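Enquirer: Model the structure of this input:
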Amino acid sequence: MRVIITPPPEIDTRWLEQEVEKALELSLKGIAQMVANDAKKAVARGPKSGRTYTKRFKTNRQTGRIFPTEDRVPHQASAPGEAPATDTGKLVSSIVGDAKGLRAYIEARSAYAVHLEFGTRNMAARPFLNPAVERNRERTALLLRQAVQTAFSRFATKDR
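Expert: The predicted structure is shown next:
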C-alpha cells in the first residue's frame, strides 16, 4: 500500500527549486574562494621543515645534471607531505577558486602545480589543494545547509 502526498497546485514549487539553486550557486562561489585562500595561505605561510638552500641551481640540458650556479637568499624548502614552500610567488598567484552552476572549482594554473600536488617519480608529493578541501569540508557542508535553509525560509514566507 502506498499513500502519495503532493503540494497543492497553488504552490509553485518551481520557484523553490530556482531559489535553492541560486542560493547554492552563490554559496559555492564563496566556498571556492574560501578553499583557494586556504591553499594560498598553506603555501605562502605554512610551516616548512625541508632543506635550506643557499645556492641557485640550473640543469644542463644535454646531460640532465643539476649544478649550483650562484649564491641566493636562503630558501627554506618544504618536506615531503607539507605544502610547497613559496619562492617566487608564482604558485600562490596561480591558485583560483570559482563556481559555475552547482560545481565549485579550485585550481592552481601553474604548469608545475600538478607535480607538487601528486609528486613525481623523483619527488615526493607536496599537497596543498586536497588538504585545503579537507580542512574546509565541515564548514563547506554547514554553508551549503545554511544556503538551502535560507531559500526554504524565503519560500515559506513568500506571498502567494
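
Enquirer: When you work out contacts or count neighbours from here on, use the C-alpha atoms and nothing else.
Expert: OK.

Enquirer: Surely residue 103 touches residue 26?
Expert: No: judged on CA atoms under 8 Å, residue 103 makes no contact with residue 26 at a distance of 10.7 Å.

Enquirer: longest strand anywhere in this protein?
Expert: In the chain, with assignment by DSSP state E, the single longest strand is strand 66-76.

Enquirer: strands paired with that one, and their directions?
Expert: Strand 66-76 pairs in its sheet with strand 52-59 (antiparallel), by DSSP bridges.

Enquirer: Between residue 103 and residue 26, which is the more surrounded one?
Expert: residue 26 (17 against 12; other CA atoms under 10 Å).

Enquirer: What pLDDT is listed against the more buried one?
Expert: Looking at residue 26, its pLDDT reads 95.

Enquirer: quick one: buried residues of the host helix or strand of it?
Expert: Assigned by DSSP states H and E, residue 26 belongs to helix 13-45. Judged by neighbour count (16 or more other CA atoms under 10 Å), helix 13-45 contains these buried residues: 16, 19-40, 42-44.
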